[in-house]
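# predicted coordinates and the sequence they were generated for:
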There are 4 protein chains.
Amino acid sequence: MNKIRVGVLGATGAVGQRFAQLVADHPYFDLQVLAASVRSAGKSYREATNWILTDPMPESLADMTVQPMSTDLNCPYLFSALPTEQAKEWESKLAGAGYGIFSNAGAHRMDEDVPLLIPEVNPDHLQLLEVQRAKRGWSEGFIVTNPNCTSIPVTMALAPLHAKYGVESAITTSMQAASGAGYPGVPSLDLLDNLLPFVAESEEVKMGSEPNKMLGSLTNGKVEQAGITISAHCNRVPVTDGHTVTVSAKFRQKISLDEILETWQTWRPLPQQLDLPWAPQPPLVVRSEQNRPQPRLDRDEGRGMAAVIGRLRPCEVLDVRFVCLAHNTIRGAAGGSVLNAELMYSQGMLGNGSRE
Amino acid sequence: MNKIRVGVLGATGAVGQRFAQLVADHPYFDLQVLAASVRSAGKSYREATNWILTDPMPESLADMTVQPMSTDLNCPYLFSALPTEQAKEWESKLAGAGYGIFSNAGAHRMDEDVPLLIPEVNPDHLQLLEVQRAKRGWSEGFIVTNPNCTSIPVTMALAPLHAKYGVESAITTSMQAASGAGYPGVPSLDLLDNLLPFVAESEEVKMGSEPNKMLGSLTNGKVEQAGITISAHCNRVPVTDGHTVTVSAKFRQKISLDEILETWQTWRPLPQQLDLPWAPQPPLVVRSEQNRPQPRLDRDEGRGMAAVIGRLRPCEVLDVRFVCLAHNTIRGAAGGSVLNAELMYSQGMLGNGSRE
Amino acid sequence: MNKIRVGVLGATGAVGQRFAQLVADHPYFDLQVLAASVRSAGKSYREATNWILTDPMPESLADMTVQPMSTDLNCPYLFSALPTEQAKEWESKLAGAGYGIFSNAGAHRMDEDVPLLIPEVNPDHLQLLEVQRAKRGWSEGFIVTNPNCTSIPVTMALAPLHAKYGVESAITTSMQAASGAGYPGVPSLDLLDNLLPFVAESEEVKMGSEPNKMLGSLTNGKVEQAGITISAHCNRVPVTDGHTVTVSAKFRQKISLDEILETWQTWRPLPQQLDLPWAPQPPLVVRSEQNRPQPRLDRDEGRGMAAVIGRLRPCEVLDVRFVCLAHNTIRGAAGGSVLNAELMYSQGMLGNGSRE
Amino acid sequence: MNKIRVGVLGATGAVGQRFAQLVADHPYFDLQVLAASVRSAGKSYREATNWILTDPMPESLADMTVQPMSTDLNCPYLFSALPTEQAKEWESKLAGAGYGIFSNAGAHRMDEDVPLLIPEVNPDHLQLLEVQRAKRGWSEGFIVTNPNCTSIPVTMALAPLHAKYGVESAITTSMQAASGAGYPGVPSLDLLDNLLPFVAESEEVKMGSEPNKMLGSLTNGKVEQAGITISAHCNRVPVTDGHTVTVSAKFRQKISLDEILETWQTWRPLPQQLDLPWAPQPPLVVRSEQNRPQPRLDRDEGRGMAAVIGRLRPCEVLDVRFVCLAHNTIRGAAGGSVLNAELMYSQGMLGNGSRE
């Protein structure tokens, strides 16, 4: 089985490093291109990068030369860790030039014809790519996005429940890790003996809109929003990695705590059935201890790809309360897009791009 | 004006130290008694105490001899920093022996005939003391309690709104400081690069019940619960002092954000009118910055006695969302009881106990 | 007694805020000028400043208009919180224009004719100002500097010992607080579950040179270096405020631990004799507990102006070992220069500048 | 190749968990026994253990039944994670009963006839076992110990230099992680916005004595101490794992920085030559960046078994300065003893005990 050549856009930043790490030794993909800003271009990846991950930089990448952003990159598929503004500039341009883009950027997530994808949740939304190509006049290229790092654990926890019982509304409070802001990101004086009750203008808006798109149903080439009213409080706390979210949720149908637990524990969606390389087995890990999940102990569950859930109990105001957690730079960023690419690969949707 | 002699029960612990600090040089009170367990009794306060507050131990207290717990203490009023089990054993016994007890313990807070008091919120609940004395057959002694440290900022923020518009329900998520668990309290491995989605069995229950008692109305010697449905998520985060709480609330009447702001900013309840020594002026500090309140920057507002509020905005699920914060070991513990005592003093309710 | 008008240069930054706070309500000084970059100029101090101190901004300053840097400021004395580059540009220019400058910047500290001053240690070095004026042709203006924040506790601890016994060499390891790097300063990802074994290129150099200048003797208008060999290891640790330094030191004369303790405890230098407003009483606080000093518990000793020392014991390699600590943004920055100004004021060296 | 049956003493504690994790799936060893206090005995390992490691408990161990401490355990070799007092009671008793003990406890480290072993540093000290057996009258059993977690990085860094040039003296300052104190260990209030300039009475003593034993030479069945004068400052800092130590060292012979670097980088001692399973390749990782090593980024080097060194530069007082770091619960505890056992296994010193 031939590996498919891929590249990383924005390869020197925090999320770019994660992409490089996850794809460096991958059964489907062959990492050939590390692209970044002109400041880094021409240097070796080792020189150009202030490597901030705990595991050392993969040796196979250290001597690769960082390339400048261009529409002439030697691989048909690209993982994008570009900041929003650059994503706006480059992703469409590259897709128009025939590249398939798996993007972590927020730039196109809510575009009507762009799949906002969690392979466990809405794999069928990949059908939007036909609409996308038709509408944008792209022959081979495409853009597929992964959601915001805070949407991930909430959407994964709600997905199997929504399918069965219908979620009506949810109030969420996130306690988000510092790495969500990249590097240098949040000043240490803001997170030593302190927390911030604010993450970014758009963060709470995304928590309201992204789950509704992902949990929505695709009909006639259009995603019908799921209609869940979500109200989010987003906070930054002194944790390196792992976003923890408390959730109170109301359902359209009567549902017992036992049914919820069973639904979570028996959920075995497509990526797990296909046993995709980065699919966590199981996708949802339910902890029974009353003080779990905790970011330091649970974020690496499923190699950072699982959502971990705990403290399910009734909510006096809505119906139920629980806590969920996911690794924000693995499942919540680079890992999410890698799984998106694995899903498309497994469905035979990759491999014949004009850039091949 | 003669000062009234007071003492501190459990004087060597974390909350006991705060009591000692706040009353060491007080215009109404003269700190004469520091009582603690037999292990500490007989030692000087300096020797007996592992002083953990930032400001040094008041010199006037350092050489006082710690006394053992007994019903023979040389002062008519006592601030109780006893742990729950000891509070259960000692507080009634001492009140029966004629002492007035201002307690931070949870032991009697929800007793029907015991005032659970925030002087700004329900000063009239002091009338319960008549019921208490009648029921328990106490002639001079009494027990008055302050609420749980997490209830404080939420109840102070909701109180003036509830009075005008009626609060129907609230969902809260607390991010509580380590000092709330006392010393040694939470192990450092639990709060370095980590948070705990759990505080204690009873914590979320207290958040549901205590505000309802305090916001309830006193009729015929009985508190009628306020009838607010409250659902709480309590978390422990790596912060030394200051509990931050996100709140989504629903009102019985239509209410605008401007009305809420105005209600908060113009609230001037009894302790502020009386200008009691530890009454914060104003009691509620409303911050307009989008990233406030923050525990490190805002917990000392009003010398740790104010509640600080920010981020008022609509809630898509209930009516409004906001964030509130208070210093958990000052307003949320010792300071609360000191203000309770100041209120009673100012009302002429202290000073003629048999222990005088 | 007429107060003397003063101003703060770089008033909106972290150290500038400390200057403003310490001088806002001062018995000698009347804060009239808050100067900063053009970006802030014209705004109110409240608008222009991201206030990061725990105590709220003094009300008296909030509505003052921030002025641009210029040689036309309405006060004869200026506290400089300028960054090095700007200090190089502006401090000489302003001194030449007749202003007396009390600077926290590193720009002129090691200039031969500029006093590097700790009032407890080398008040006589103020005589350098005559040399300075003569050499630079300044009639009224001058520059007086305070040392680097890490030099402070070490120099204060060594000063009385050096005077009596002569210090020959010292090896120091600092554990420096995040606030030493200003705001935004150190990224949180560098200090969550982490420390940095490096502060800045020049930090360890300063630790070697500054104490030698301050402990040097002034003869014939020149400072003769103290000749102490100092080798410094500087580290950044996850602490908000307070630099802790371990010290191993060797003396020229035989000296016992008891003599050292007595020397420290009886040291009562000039600022304490004069009882200057910000002089800590005593200047050195010696703790006997084996686990002190600690930054959170001890940095506020003497309102942040004292050096706190502990763990004195023999050193097997040199002579003695101990730990010392000082508040880096109070004694180690703004407070240092305020005390310098108080010393000059008390000596009648201020008050008749041409800018008066 | 038959695996050898081993067990863990004190299996439920922090270090015991590491032993269990490292040996759960080992090419030489078959983990058959998990022993702990009577409180845990009889429960499954899952039930008995508050698992605090990031990686989940190995599935193969979760259902094993925890056994009580006894001299009747079904395996010939035991890894001891016992606290000092219990180690004193049990280790000799078990060795006398024929068990080979690999101990992390401090109880016997400095016994004349007990090897204090770092396989890279003093593998020949295993010859002490003959003396040990002769002296104690043990036929098959033995005790081999690993050093204190803070001694490890310093001893590994100094070992190849000492062999070539002779180390005369060293002054060290450690910044030690919270996990070094086990769980619950250090209270969070001691390490939030704080550090402790003290670890334990014996910690600085161990830093002086242990390296001298390990770097000493074995002659006539006796270890001759290395004669290095070491003065240690030990501190606890807010880091989960990884002890960082600054070192100033003086040599008996003249030595250049380049020689030191080359010595470190070319060091390939016995465990690396034998390619033992847990031997890090290379044992010393030298970083060239000026801000490394850092605990969060470097502690996992060599799967937590390497020592990481940086910032080599001249020391004005002694000869050179550098910073070194090792993972305190892997290389500095359980991993150290596992490598000791691997060394003995590879030398044919295991496998024929009477307990086999």
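It's in. These numbers come from a predicted model, not from an experiment.
# what does the stretch 101-250 of chain A put close to chain D?
A:192, A:193, A:240 (CB under 8 Å from any CB of the partner chain). The way it works is simple: take the backbone N, C-alpha and C, and place the C-beta from them, glycine included.
# can you turn the buried part of the residues you listed into a PyMOL selection?
Only the buried entries of those go into this PyMOL selection, using 16 or more other CB atoms under 10 Å in any protein chain shown:
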select buried, chain A and resi 192+193+240
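# helices along the stretch 251-356 of chain A, start to end?
All helices of the stretch 251-356 of chain A, identified by DSSP state H, counting those that start in this stretch, fall at A:257-266, A:270-273, A:295-298, A:335-346.
# residue D:110: which of these is closest?
Within these, the stretch nearest residue D:110 is helix A:295-298; the backing value is 35.0 Å (CB to CB).
# and that closest one, which residues are buried?
So helix A:295-298, judged by 16+ other CB under 10 Å, has buried residues A:295, A:296, A:297, A:298.
# ok, residue A:243 - contacts?
A:149-150, A:152-153, A:174-177, A:180, A:295, A:325-326, A:328, A:332 (CB atoms under 8 Å, 6 or more residues apart in numbering or on different chains).
# likewise for residue A:25?
A:58, A:60.
# checking the residue of the stretch 1-150 of chain A found nearest chain B next. Helix, strand or coil?
Residue of the stretch 1-150 of chain A nearest chain B, by CB to the nearest CB: residue A:54 (11.5 Å). Recorded secondary structure, residue A:54: coil (DSSP: H, G, I helix; E, B strand; the rest coil).
# leaving out chain neighbours, which residue sits closest to it?
Distances taken as CB to CB, 6 or more residues apart in numbering or on different chains put residue D:300 closest to residue A:54, at 5.6 Å, once the chain neighbours are dropped.
# that neighbour and residue A:53 touch, don't they?
No: using CB atoms under 8 Å, residue D:300 makes no contact with residue A:53, being 10.3 Å away.
# between the two, which one's more packed in?
residue D:300 (19 against 15; other CB atoms under 10 Å in any protein chain shown).
# measure the more buried one to residue D:119 for me?
With distances taken as CB to CB, to the nearest Å, residue D:300 is found 20 Å from residue D:119.
# do residue A:82 as well
Distance from residue A:82 to residue D:119, by CB to CB: 48 Å.
# and what of residue A:248?
Distance from residue A:248 to residue D:119, by CB to CB: 55 Å.
# got it, and residue A:219?
Relative to residue D:119, and taking CB to CB, residue A:219 is found at 66 Å.
# pLDDT below threshold where in chain A?
A:1, A:352-356 (pLDDT under 70).
# tell me the residues of it that contact chain C?
Residues of chain A found near chain C (CB under 8 Å from any CB) are A:52, A:178-179, A:183-193, A:238-240.
# could you redo the last one with a cut-off of 10 Å?
Proximity of chain A to chain C is confined to A:14, A:52, A:177-179, A:181-194, A:236-241, A:296 under the rule CB under 10 Å from any CB of the partner chain.
# and the strands in chain A?
Chain-ordered strands for chain A, with DSSP state E as the definition, fall at A:4-9, A:29-36, A:67-68, A:77-80, A:100-103, A:142-145, A:167-176, A:217-219, A:222-224, A:229-236, A:243-251, A:284-286, A:307-314, A:320-326.
# turn those strands into a markdown table, including distance to residue A:130.
Shown next, in a markdown table, are the strands of chain A (distance: least, CB to CB, whole Å):
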| stretch | distance to residue A:130 |
| --- | --- |
| strand A:4-9 | 21 |
| strand A:29-36 | 24 |
| strand A:67-68 | 31 |
| strand A:77-80 | 18 |
| strand A:100-103 | 14 |
| strand A:142-145 | 10 |
| strand A:167-176 | 29 |
| strand A:217-219 | 11 |
| strand A:222-224 | 12 |
| strand A:229-236 | 29 |
| strand A:243-251 | 33 |
| strand A:284-286 | 31 |
| strand A:307-314 | 30 |
| strand A:320-326 | 30 |
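# chain center to stretch A:138-146, what's the gap?
Taking CA atoms, centre = their mean, to the nearest Å, the mean C-alpha location of stretch A:138-146 is offset from the chain mean by 16 Å.
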